[in-house]
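>>> got a structure for you, letters missing:
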């Protein structure tokens with residue numbers, strides 16, 4: 001899911017004029033969906049954080065600077081050599097990942113670090129893995145620290161995290177304005193395990209369930225629209241571009 005999310009962003013990456021405005025269209029398909037409301041971390045304990053997340057370099061550098069400036073808020077990161085690492089290069093663009101830890105086994109100091117060192121990580125360790133920024137109760141330390149320091153709660157949180165389970169989609173330029181859409185990034189087999197990504201006929205419409213995410217998405221677009229660009233086809237799948 002994470003790789004597909006990021007690959008879609010990178011495939012559709014464009015370089016518009018800096019002054020080009022951006023707006024968010026309503027997505028008819030998304031507007032017709034209803035979602036289970038996940039309002040209490042005690043219900044899921046941040047299960048969607050168990051595999052960590054991939055992000056663009058701009059997100060990674062902002063997070064690194066934030067963590068280094070406020071070490072007192074990130075004592076849980078002392079268990080790993082580095083909480084973020086450059087995972088790979090996709091289409092010439094660096095992709096960073098968060099480290100994943102487990103309660104015991106080789107993953108206790110980092111699943112990805114262990115694998116890079118040639119240590120075998122069991123499937124059980126993978127299932128018990130968790131993003132290194134996640135507290136045991138499911139809270140995100142990046143979000144907690146941001147709030148305590150007076151920032152917006154998602155200021156330093158990777159975009160795929162605070163947008164989840166939504167996915168940004170570039171909808172083209174019209175009249176000098178870049179248009180974007182948010183789509184449900186469904187289809188991954190793990191989604192059924194994530195309460196906040198569960199479709200529910202008796203749940204809230206997407207516009208209500210994700211009102212805060214949509215508002216913050218709109219707020220973020222004018223500052224760095226390239227970070228949100230992805231191209232999808234009519235079914236919501238990443239589309240190939242020339």
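Sure, I can see it. Quantities reported herein were computed from a predicted structural model and do not represent experimental measurements.
>>> if I look at the residue nearest the centre of the chain, how far off is residue 185?
Among the residues of the chain, the one closest to the centroid is residue 160, at 1.5 Å (Cα atoms, centre = their mean). In this view, residue 160 and residue 185 are 9 Å apart by Cβ to Cβ, to the nearest Å. (C-beta placed from N, C-alpha, C; glycine too.)
>>> quick one: average pLDDT of the helix or strand where the residue nearest to the centre of the chain lies?
Residue 160 belongs to helix 159-163 when assigned by DSSP states H and E. Averaged over helix 159-163, pLDDT sits at 88.
>>> same check on stretch 67-86?
Stretch 67-86 comes out with an average pLDDT of 91.
>>> swap in stretch 103-121?
When the per-residue pLDDT values of stretch 103-121 are averaged, the result is 83.
>>> so what touches it?
Here stretch 103-121 makes contact (Cβ atoms under 8 Å, 6 or more residues apart in numbering) with 52, 79-82, 85, 87, 97, 99-102, 122, 124-126, 128-129, 132.
>>> same thing but 7 Å
79-81, 85, 97, 99-102, 122, 125-126, 128-129 (Cβ atoms under 7 Å, 6 or more residues apart in numbering).
>>> and those residues, which is closest to residue 173?
When the contacts of stretch 103-121 are compared for distance to residue 173 (Cβ to Cβ), residue 97 wins out at 31.5 Å.
>>> quick one: secondary structure of that closest one?
Under DSSP: H, G, I helix; E, B strand; the rest coil, residue 97 falls in the strand class.
>>> wait, what's in contact with it?
By Cβ under 7 Å, 6+ apart, the residues touching residue 97 are 52, 54, 85, 87, 112.
>>> go again with 10 Å.
2-3, 6, 51-55, 60, 83-88, 112, 131, 158 (Cβ atoms under 10 Å, 6 or more residues apart in numbering).
>>> now do the strands in this structure.
For the chain, the strands defined by DSSP state E cover 22-24, 34-35, 54-56, 84-90, 93-98, 100-101, 130-131, 166-174, 177-184, 204-205.
>>> and the longest one, what does it pack onto?
For strand 166-174, the helices and strands in contact under the criterion 3 or more Cβ pairs under 10 Å, 6 or more residues apart in numbering; DSSP states H and E are helix 2-11, strand 22-24, helix 28-31, helix 159-163, strand 177-184, helix 211-220.
>>> ok so, going back, output the contacts of stretch 103-121 as a markdown table; include the columns distance to residue 220.
Formatted as a markdown table, the entries for the contacts of stretch 103-121 read as follows, by distance: Cβ to Cβ, whole Å:
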| residue | distance to residue 220 |
| --- | --- |
| 79 | 31 |
| 80 | 28 |
| 81 | 31 |
| 85 | 25 |
| 97 | 21 |
| 99 | 25 |
| 100 | 26 |
| 101 | 29 |
| 102 | 33 |
| 122 | 39 |
| 125 | 35 |
| 126 | 32 |
| 128 | 33 |
| 129 | 29 |
